[in-house]
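1. sequence and predicted structure, then a few things I'm wondering about:
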Amino acid sequence: MRRALVRPVSESLSRCELTCIERSVIDLEVATGQHRDYCQILAENGLIVQTLPAAHDLPDAVFVEDTAVVLDELAVITRPGAESRRPEVVAVIEALAPWRELVHLTAPATLDGGDVLVVDRTVFVGASARSNEAGRQQLATALDPWGYQVRAVPLSGCLHLKSAVTLVSDELLLANPRWASMEAFGGIPHIPVAPEEPHAANSLRLPDRLLLPAAFPRTRERLEDAGIATLTVPAGELAKAEGGVSCQSIIFDDGLAQ
Ligand code: CIR
C-alpha cells in the first residue's frame, strides 16, 4: 500500500518560518479545513493516511515533507535548515521506524526534504538557504550503496527545489525555470508553469492523478493538454506559510498487501 504520513496544522502556525514571501494573516480555521480536505483527497485516491501527533508548539510541523527523504530502501531523517524545525523529526522517526532502516543526517549538515526530488536513481537537491553542501554530501553517502547519485540544483527566488520543480510523470517535470536552473536536469523535459502562476510548480503525484493547488488553473490546463490527469485542492491558507501540496505529506510504499 502507498502510505502518507501527515501532521495536523499547529495552533502556532502564524509564527511559521518565512523566507521568500511577506508575512500575512493566516486564518487557522481555514488552514485546518484545507489540510483536512487534502488528507481526504489522499485517502480517496487510495493512500493509507497516517496522522502524526499534533505539535502545537512547532509552527511548521504540518510540513512533514521536510523532515525525511523516504526511498524504497531506506529513510534519511533530515536536519532541517531552520533551527525552529529540528524538533519536528522526533515524531517522524517514531513513525518511520517500523517501515524503513533509518539514517540520520548530523551537524553541520542541513537538508529539507522539500529540496529533494528523486527521478529514478538521480536525487536532485536544491542548493537553497535550507540545504547545504554537507547535507548533500551526507545524503550522497547514505544513498550511494543503493545506486543513487546526488546532484545539486542552483536555485534563486524560491524556498525549496520543489517550489520550482516537481515530477508529474515518470519522465516529465513541471517547472518554473526562473527559480531553478533547468540545465541541471540534463535532458529531462519539463512543462513550464504559466508565467502568471509562478508558485504552480509544486504538485503531488498520487497513484492515478496529479494534485495541484486550486489557484493555478492556467498551469493545470497546460498539464491536461499534455495528457496529465489532475485534481485540485484549495491550499491558499497554507501557501501563506510558504507551503504547497507536496510538503504536507511523506508518501511511501509500506510493503503491505492491498
Ligand atoms: C518553512 O519555511 O519551513 C515553512 N514555513 C514552509 C515549509 C514548506 N515546505 C515545503 O515546501 N517542503
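-> Looks like it came in fine. Because the structure is predicted, anything quoted here is derived from the model rather than measured.

2. ok, longest helix in this protein?
-> helix 28-44 (DSSP state H).

3. tally of neighbours for the closest residue to the ligand within the chain?
-> Of the residues in the chain, the one nearest the ligand is G114, at a distance of 2.4 Å by CB to the nearest ligand atom. Bear in mind the C-beta positions are built from the backbone N, C-alpha and C, glycine included. The tally of other residues near G114 (other CB atoms under 10 Å) stands at 28.

4. if we can go back for a sec, where's the longest helix of the chain relative to the chain centroid, distance-wise?
-> Using CA atoms, centre = their mean, to the nearest Å, the distance from the centre of helix 28-44 to the centre of the chain it belongs to is 16 Å.

5. strand partners (parallel or antiparallel) of whichever helix or strand comes after it?
-> Remark: after helix 28-44, the chain's next helix or strand is strand 48-51, criterion DSSP states H and E. Strands flanking strand 48-51 in the sheet, each with its direction: strand 2-6 (parallel) (DSSP bridges).

6. rewinding a little: can you list phi and psi of the residue of the chain closest to the ligand for me?
-> Backbone dihedrals for G114, given as degrees, to the nearest 10, come out at phi -60, psi -10.

7. report the contact partners of it.
-> Shown here is G114, whose contacts under the criterion CB atoms under 8 Å, 6 or more residues apart in numbering are 63, 65-66, 126, 130, 159-163, 246-247.

8. how about 7 Å then?
-> Applying CB atoms under 7 Å, 6 or more residues apart in numbering to G114 gives the contacts 65-66, 159-162, 247.

9. any idea how far it lies from L210?
-> Using CB to CB, to the nearest Å, one gets 17 Å for the distance from G114 to L210.

10. what do you get for T78?
-> Distance of T78 to L210, given as CB to CB: 25 Å.

11. in terms of neighbours, single out the busier of those two.
-> Summary of the neighbour comparison: T78 and L210, criterion other CB under 10 Å, with T78 having more neighbours (31 against 22).

12. this structure: helices as residue ranges?
-> Assignment of helices within the chain using DSSP H yields the ranges 28-44, 89-96, 133-143, 161-164, 217-225, 236-239.

13. got the angle for the first one vs strand 2-6?
-> Using axes from the mean of the first three to the mean of the last three CA atoms, to 10 degrees, the direction of helix 28-44 lies 170 degrees away from that of strand 2-6.
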